[in-house]
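**Student:** what follows is a predicted protein model with its sequence.
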Protein chains: 2
Amino acid sequence: MNQAENKSLQKLANLKRQHKGLINLMPLQTGGMLTDAAKEALMEFGDGYSVCDFCEGVLCNVTNPPIRDFVQELLPQFLGCEVATITHGARETKFMVMHSLAQPSDSILVDANRHYTTVVAAERVGLNVIEVPHSGHPEFRVDVNEYAPLIKKHAPKLILLTYPDGNYGNLPDAGRLGKIAQEYNIPYILNGAYAVGRMPVSLDEIGADFIVGSGHKSMASAGPAGVLGMKKKWEGIVLRKSGKYSKKDIELLGCSVRGVPLITLMASFPYVKERVQHWDEQVSKAQWFSAELEKLGFTQLGEKPHRHDLLHFDTPALYEISKRVRERGYFLHKELKERGIWGPQPGMAKSFKLSTFAADRQQLAFVIDSFKAILNKYS
Amino acid sequence: MNQAENKSLQKLANLKRQHKGLINLMPLQTGGMLTDAAKEALMEFGDGYSVCDFCEGVLCNVTNPPIRDFVQELLPQFLGCEVATITHGARETKFMVMHSLAQPSDSILVDANRHYTTVVAAERVGLNVIEVPHSGHPEFRVDVNEYAPLIKKHAPKLILLTYPDGNYGNLPDAGRLGKIAQEYNIPYILNGAYAVGRMPVSLDEIGADFIVGSGHKSMASAGPAGVLGMKKKWEGIVLRKSGKYSKKDIELLGCSVRGVPLITLMASFPYVKERVQHWDEQVSKAQWFSAELEKLGFTQLGEKPHRHDLLHFDTPALYEISKRVRERGYFLHKELKERGIWGPQPGMAKSFKLSTFAADRQQLAFVIDSFKAILNKYS
């Protein structure tokens, strides 16, 4: 064994997170923090293929642990759809729907605020991606009425809307797009990676064909895990079975998330189902926090009044500081961390995203005071 | 909330494994039991997207935790290859290679002992699967020399060998197939889901183009997780980047196993790297166990002398009992469980698979005595 390899092995000896216990404002993380029930399930089902103890051939039919009830009863009810399944995550879910419904060189129409993985999933299928533009800085709004002329022009095989998007937390008029999709008879994917598990959302009410959720982003689950809900009419296409193995889903390669992320998704589900009922409190908390940061000279991007905990701020005063300190943009990360706060991507000082989902008002008041103190310290 | 839903929710309240602490002989599970280090990492990184705390865009480049070192240094060295990456599991890995190298209606040549997911992955790509036959009952041997005439006949885009297969634990002559693959200049996938992490195996020595491993099956990892090793010449094809996002792998949809299974894979790796050095002890333990069960009238299927811990037995005496007891085939599961043993799939009594990998000789002696006692009890 050479020295470099030995050093690399040693690094694996004690894997620790640097900021456990900090106030967490990182948008990727605030909806994925485990419940106590999920932490217990994590230890119970940690070993390899534990969830498959009593498998008789198909993950979604396992009754012990109660995966079948979760997938066939609880998830469809929660997502407001007829049929659901479990996946490795939102990106893998988008890929499986695209791969089932479209052929290479077909077109797909998506909003300009789409996650990068929407583009990469389409690329993996070989699709041509057309974007419905947003309104640009500072609101970046997507007007779903703009889908109609582009549908007429490009005859896409699928349309997709990101609800909300992960950059600005904007919530476009998903229900209006449902009507457009039905009018043009075109399958409609709602990417709800930041909605499902945070706020009430129903495929049926919106009139979409598919709804995509993320366990680790918004359902208090370990990563990676995802959910897919759909209208029954798509079951035979997206959940089509192998010609050789009649019980096995082709798009899931038999079974998808066959391990511990699924158990945390299930263990947290009763809590997640309950928490979406308190979404109005989350929204008012986010609006209050945003207004307080705007008083410091920050500018909240995206829709106003804001209707989601994911917030994006332009912070020119912090950027000015970063230009004249030794640590450059990293000064902000350092200052916040010293105060027990974890949020903006390290290095970012000009513009960054925060999520108020996991912090309470007292913690957020401390965050606001901390930004004030940092501005004062360097003024 | 209706009554059925309420009942389903209640089932999620206390998720427990029924046979924690039993002697585990289940082939799917014996190589995936977590190390203590992995259990600690599981709790540390349980929350959602924790492994991505310090992500700058690509999972495999994250330095804290040290994913980059693991993927770019340790894994290639361990797999005997030039380039490696991490995936959701062996089946997803096979799909990504097939999807990168072959087009719908192309042919692929695989051994008749292949896992069902090899067929389903090929089906997902739209490939025509041709099988190299095995020798049938009782040995089910695959003679890799039979690949050559079938390569000439069908001009497949890829060949795949399962090493060992999951039904009989046979280890065909993978190195000989490497020479054949090179002679015909055809890419060669070695599916080592039951090899990588249990026994020494090197892509370079075998002369394969791709090597596939499973974290949850054989690398002491939580499920699902997998690894892929390859020759550098395939990097630009299988790990090709998005046209729009130049750092993002198309086949990985940006990032694959972005969560806690990856951390357990990494935390267990130093132990796994060491344990493969003791493979000869595993083989002699398996051979001894097999010989002892044959003394009871069971017949070991697959190669003899056996060279892997995965064993398959025909058990006519147990089958005879199952025909005359109330529990039918489930009597065996019940009898073994009462003795603290977990192994044959519940319901199986005529023929079943066992793995000796996780049990020590003392435990296996107890298993042998238990089979004796069960046979006596019903004789």
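**Tutor:** Right, received. Where do you want to start?
**Student:** going by C-alpha atoms from here, please, whenever you check contacts or count neighbours.
**Tutor:** Noted.
**Student:** for the closest residue to residue A:179 other than its chain neighbours, report the pLDDT, please.
**Tutor:** Among residues not flanking residue A:179 along the chain, residue A:207 sits closest, at 6.8 Å (C-alpha to C-alpha, 6 or more residues apart in numbering or on different chains). Here, the pLDDT recorded for residue A:207 equals 98.
**Student:** how much space between residue A:207 and residue B:63?
**Tutor:** Distance check for residue A:207 against residue B:63: by C-alpha to C-alpha, to the nearest Å, it reads 43 Å.
**Student:** more crowded one of those two?
**Tutor:** It is residue A:207, of residue A:207 and residue B:63, that has more neighbours when counted by other C-alpha atoms under 10 Å in any protein chain shown, with 22 against 15.
**Student:** what's the nearest residue to residue A:329 once chain neighbours are set aside in contact with, if anything?
**Tutor:** Counting by C-alpha to C-alpha, 6+ apart, residue A:347 is the residue found nearest to residue A:329 once chain neighbours are left out, at 4.4 Å. Residues in contact with residue A:347 (C-alpha atoms under 8 Å, 6 or more residues apart in numbering or on different chains) are A:328, A:329, A:330, A:331, A:332, A:333.
**Student:** Three-state assignment for residue A:347, please.
**Tutor:** Here residue A:347 is recorded as coil under DSSP: H, G, I helix; E, B strand; the rest coil.
**Student:** can you check residue A:211 too?
**Tutor:** Going by three-state DSSP: residue A:211 is strand.
**Student:** how many neighbouring residues does it have?
**Tutor:** That count, for residue A:211 with other C-alpha under 10 Å as the rule, works out to 32.
**Student:** wait, isn't it in contact with residue A:192?
**Tutor:** Yes: between residue A:211 and residue A:192 there is a contact at 6.5 Å, judged by C-alpha atoms under 8 Å.
**Student:** for the residue nearest to residue A:179, give its distance to chain B.
**Tutor:** In this view, residue A:207 and chain B are 23 Å apart by C-alpha to the nearest C-alpha, to the nearest Å.
**Student:** and the end-to-end length of stretch A:352-366?
**Tutor:** Terminal residues of stretch A:352-366 lie 18 Å apart, using C-alpha to C-alpha.
**Student:** repeat that for stretch A:226-244.
**Tutor:** 27 Å.
**Student:** hmm, who's touching that stretch?
**Tutor:** A:75-76, A:79-90, A:93, A:96-97, A:100-101, A:203, A:209-216, A:247-252, B:119-120, B:123.
**Student:** just the buried subset of those residues, please.
**Tutor:** A:75-76, A:79-90, A:93, A:96-97, A:100, A:203, A:209-216, A:248-252, B:119-120, B:123 (16 or more other C-alpha atoms under 10 Å in any protein chain shown).
**Student:** helices - which of the residues you listed land there?
**Tutor:** Counting by DSSP state H, the buried ones among the contacts of stretch A:226-244 place A:75-76, A:79, A:90, A:93, A:96-97, A:100, A:203, A:215-216, B:119-120, B:123 in helices.
**Student:** pull the most distant pair out of those residues.
**Tutor:** A:203 and B:119 (33.3 Å; C-alpha to C-alpha).
**Student:** which bits of the stretch 201-350 of chain A sit near chain B?
**Tutor:** Selection of the stretch 201-350 of chain A residues close to chain B by C-alpha under 8 Å from any C-alpha of the partner chain yields A:215-217, A:220-224, A:242, A:244-245, A:248, A:250-251, A:253-254, A:257-261, A:266-267, A:269-270, A:345-346.
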